[in-house]
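Trainee: sequence unknown, structure follows:
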């Protein structure tokens, strides 16, 4: 369902848990679907022994994809006009992530109304792993 | 990383949506999708990332006969700098999308990539080198579908190993 400007106000929030106990298998699924087979995400031997990270970690774009699900659940299908993020911390297997959207502003162009949203995704320790913005077309 | 032909396919969208945990039927159920505003299955917002599957030279995909930097018999298949050392030391710092219209199955997109700014700053574990590029995805009629701006970062910590 699309959002309606008449029912929204600045400061409104919407939250979803986007993943609970992220599995290595889900990271493998993302590698397979996206075509990003960087072994940093799926190959524990390479990641610890060669790259010297504590272990495999999620693609930033997996976190952005999961965050995008919260956005489209809120604004409706095919309503997004902008979506941009910075990846601020790594996401590890076992992490649980929550995405929060905050209504920041309303704009109008050529008779079409838009909502601007702040977007953030935090892990179970409250650490921000992704922060950004989105804009979507809304109904009057 | 120029993708000249990125066919948008329903089964690819279904697999991609599953991988991000998105079971919205607009990504897999054509009958349901007919009842929506767009009237068709659509690609999720970050789906153009999967254009890597249609990049014949994607360096993040193993190819027969070429050394692969991930593990097999050894922790890495790259034992010499000339074999492609350095791959994999880059991370994704930012990603920005502008959506012009939803991509739907049947579209065939093509990408053009332009190099943007590059800059450096000190990070928690040494110097970080950022570089930006802008990718435009156009449809079979030359119309813009998605514009992406990607910022990558090379970290110093990996360079001694790779």
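Mentor: That came in fine, so what should we check first? Model, not experiment: these values are computed from the prediction.
Trainee: how much space is there between the spatially most central residue of chain B and chain A?
Mentor: Residue closest to the average C-alpha location in chain B (CA atoms, centre = their mean): residue B:49, at 3.0 Å. Applying CB to the nearest CB, to the nearest Å, the value for residue B:49 to chain A is 5 Å. Using the backbone N, CA and C atoms, a C-beta is placed for each residue, glycine as well.
Trainee: helix/strand/coil for that residue?
Mentor: Classification of residue B:49 using DSSP: H, G, I helix; E, B strand; the rest coil returns helix.
Trainee: For chain B, which segments are assigned as strands?
Mentor: B:6-7, B:90-99, B:108-123, B:126-138, B:144-155 (DSSP state E).
Trainee: isn't residue A:28 right up against residue A:44?
Mentor: No. If you go by CB atoms under 8 Å, residue A:28 and residue A:44 don't touch, sitting 11.7 Å apart.
Trainee: Which residue, neighbours along the chain excluded, lies closest to residue A:28?
Mentor: residue A:42 (5.4 Å; CB to CB, 6 or more residues apart in numbering or on different chains).
Trainee: ok, now which ones touch that neighbour?
Mentor: Contact analysis of residue A:42 by CB atoms under 8 Å, 6 or more residues apart in numbering or on different chains lists A:24, A:27-28, A:31, A:56.
Trainee: Could you export these as TSV, including pLDDT, secondary structure and neighbour count?
Mentor: TSV is the format used below for the contacts of residue A:42 (pLDDT from 0 to 100; DSSP: H, G, I helix; E, B strand; the rest coil; neighbours: other CB atoms under 10 Å in any protein chain shown):
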residue	pLDDT	secondary structure	neighbour count
A:24	98	helix	16
A:27	98	helix	21
A:28	98	helix	15
A:31	98	helix	22
A:56	97	coil	22
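Trainee: ok, and for stretch A:37-45, which residues are buried?
Mentor: A:37-43 (16 or more other CB atoms under 10 Å in any protein chain shown).
Trainee: repeat for stretch B:38-51
Mentor: B:41-51.
Trainee: ok, now stretch B:102-112?
Mentor: Buried-residue list, stretch B:102-112, by 16+ other CB under 10 Å: B:102-105, B:107, B:109-111.
Trainee: coming back round to it: pick the one among the buried residues of stretch A:37-45 closest to residue A:68.
Mentor: residue A:41 (18.3 Å; CB to CB).
Trainee: By residue count, tell me the biggest strand in chain A.
Mentor: strand A:97-109.
Trainee: Give the buried residues for it.
Mentor: A:97-101, A:103-104.
Trainee: tell me the mean pLDDT over it?
Mentor: Average pLDDT, strand A:97-109: 98.
Trainee: which other residues reach that strand?
Mentor: So strand A:97-109 is contacted by A:5, A:8-19, A:22, A:63, A:66-67, A:70-71, A:74, A:91, A:113-124, A:129, A:133-135 (CB under 8 Å, 6+ apart).
Trainee: So which of the residues you listed belong to helices?
Mentor: Counted as lying in helices by DSSP state H, out of the contacts of strand A:97-109, are A:63, A:66-67, A:70-71, A:74.
Trainee: Identify the residues contacting the residue nearest the centre of chain A.
Mentor: Nearest to the mean C-alpha position of chain A, by CA atoms, centre = their mean, lies residue A:67 at 2.0 Å. Applying CB under 8 Å, 6+ apart, we find residue A:67 in contact with A:18, A:85, A:99, A:119, A:121, A:130.
Trainee: Pull up the gap between it and residue A:136, please.
Mentor: According to CB to CB, to the nearest Å, residue A:67 stands 14 Å off from residue A:136.
Trainee: next one: residue A:41
Mentor: 30 Å.
Trainee: Over to residue B:107?
Mentor: Counting by CB to CB, the gap from residue B:107 to residue A:136 is 21 Å.
Trainee: next one: residue A:88
Mentor: Counting by CB to CB, the gap from residue A:88 to residue A:136 is 23 Å.
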